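Enquirer: Quick one: sequence and predicted model below, then my questions.
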Amino acid sequence: MAAIDGPRVQARSGKPKQLVVFLHGYGADGADLIEIGRQWRAFLPDADFVAPHAPDRCAASPTGRQWFPLTMRDPNERWVGANQATPVLEQFLETELKRRNLPPSALALVGFSQGTMMALHVGLRRPTAPFAIVGYSGLLVVPPDANTEKLAAEIKSRPPVLLIHGDQDDLIPPQALFHASSGLAALGVPVECHISHGIGHGIDQEGLRHGGEFLMRRYGLRA
C-alpha cells in the first residue's frame, strides 16, 4: 500500500495539540485546501494542518488526484471506492498522529466534495472519535440499496459534524446536505448545517468562518 503525503502548515504556537487533516475533492490535490489552514491558525493556534494528495491520478484531470474513480455509471462506485481508499488514508492518519505524539481524539477531518465523502466514511469508523468533522459540498456515502442497518453496524464513533453547502451547487445538489444530515441524525451523530447562499460548488468566506469556529468550539476553545 503506497503512502500518501501533502503540503503542511505548522501550528502557530510551534507545539501542536491538534491535527487537522484536509481531504481535497475529485481532480484536485492537497494544495487546493492547505491555505485554509493558514486562515484557521487564528481559531486553532495549537493545530498542525496537513492536506494529503489522494493516492490515485485522476482520469478526468491528468494533473489532479482522486480518492476513487467517478464514472457515474455504477450506482455503487462511491461505496466501493470509499472502502478501497480507506486503508491508505487510515495509515496516513495514524502516522501523522504518532509523529506528533497526539491521541486519536486530537484529530479533526475537513473535506471538500469527494473529500467530504472520505472524511465522513473514515471518521465515523474510527474507534476513537475525531473531535470534529467538517464537510463542504459533499454527501454521505451509503451502502448499496441504502442498507441503513449495514451502515449503522459499521459506525464506531459519533463525532460532531458540520455540513456546509452552496445553494447554487449544480455538481452535488444542496439536497445532498439534507440527505446527509438526516442520515447522520438517524445514526445518532450530532450534526449542524449551514447553507451558503449564492454559492456553487465551492467555499465562501462565510463558510470558512463557520468551519473554523466549529472546530474551535468542538475542541473546547473560546474566541
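Expert: It's in. Numbering: from 1, shown residues only.

Enquirer: Helices along the chain, start to end?
Expert: With DSSP state H as the criterion, the chain has helices at 34-40, 77-100, 114-123, 148-154, 175-186, 205-218.

Enquirer: Comparing these by mean pLDDT, which bottoms out?
Expert: Among the helices of the chain, helix 148-154 has the lowest mean pLDDT, at a mean of 86.

Enquirer: you'd agree S181 is up against C193?
Expert: Yes. Assessed by Cβ atoms under 8 Å, S181 is found in contact with C193 at 5.3 Å. Where you see a C-beta, it was placed from the backbone N, CA and C, and this is true even at glycine.

Enquirer: Quickly list what's touching both of the two.
Expert: Taking Cβ atoms under 8 Å, 6 or more residues apart in numbering as the criterion, S181 and C193 both touch L163.

Enquirer: Name the nearest residue to the most centrally placed residue in the chain, sequence neighbours excluded.
Expert: The centre of the chain sits closest to G111, judged by Cα atoms, centre = their mean, with a distance of 2.8 Å. Excluding its sequence neighbours, the residue lying closest to G111 (Cβ to Cβ, 6 or more residues apart in numbering) is A119, at 3.5 Å.

Enquirer: count of neighbours near that neighbour?
Expert: The local packing of A119 (other Cβ atoms under 10 Å) involves 27 other residues.

Enquirer: how much space between it and T148?
Expert: With distances taken as Cβ to Cβ, to the nearest Å, A119 is found 20 Å from T148.

Enquirer: Ok, Q18 next?
Expert: Counting by Cβ to Cβ, the separation of Q18 from T148 is 32 Å.

Enquirer: what about those two, which has more around it?
Expert: Ranked by neighbour count (other Cβ under 10 Å), Q18 and T148 place Q18 first, with 22 against 13.
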